[in-house]
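**Q** predicted structure and sequence below. I'll ask about it afterward.
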Amino acid sequence: MSIGVPVAVKEYAMFTAVDHIGLVVADLDAAIDFYRTAFDITEWERIELPERHAAIGVARFGDVLIELIAPTSDQASFARFLREKGPGMHHIAYRVDDINAALATLQARGIPLIDREPRPGIHDTLVAFVHPKAGGQGVLVELVQHRSHHA
């Protein structure tokens, strides 16, 4: 395959779109200010997640959401990520029409999962995570189903 040649997506592909990209940052306000100043992304929603010891800033551009995640205590899983790897890409989230079917398919294929059942996400979604060691890519994959598509 040469660079620049589009690859056809099969109609039965599990993913329907990239939903969002999650980046772990040390300072949420500074990260939001950077995106405002550097890239003119000015519309941000701030969401506090005390049960996960995190605060996130989200902004949509086009069909993709960018999620800036800052740990608010050392108890956050994101704090460990920040200590071990520094700020950077934490996960990529792909939209699926039926998260339960996607999880069942992945389980049947022997793909290591963090979540065997979906859990509530932000913006009225259901989410589940594929283990970052799956596929040898080292990137955490999140599956996202918007509840308006929930059967």
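**A** Happy to help now that I have it. Numbering: from 1, shown residues only.
**Q** any regions of this structure where pLDDT drops low?
**A** 1-12, 149-151 (pLDDT under 70).
**Q** please enumerate the strands of it.
**A** 17-24, 45-49, 54-61, 64-71, 88-95, 119-121, 125-130, 140-146 (DSSP state E).
**Q** beta partners of the residue nearest in space to the middle of the chain?
**A** Closest residue to the average C-alpha location of the chain: residue 93 at 3.7 Å, with C-alpha atoms, centre = their mean. Bridge pairing for residue 93 (DSSP bridges) gives the partners residue 20, residue 142.
**Q** what sits against it?
**A** 18, 19, 20, 21, 22, 67, 127, 141, 142, 143, 144 (C-beta atoms under 8 Å, 6 or more residues apart in numbering). Quick note: C-beta positions are derived from backbone N, CA and C, even for glycine.
**Q** show me which of the residues you listed are buried.
**A** 19, 20, 21, 22, 67, 127, 141, 142, 143, 144 (16 or more other C-beta atoms under 10 Å).
**Q** ok, of these, which one's closest to residue 30?
**A** residue 67 (15.9 Å; C-beta to C-beta).
**Q** so which of the strands of the chain is nearest residue 105?
**A** Closest to residue 105 of those is strand 140-146 (C-beta to C-beta; 10.6 Å).
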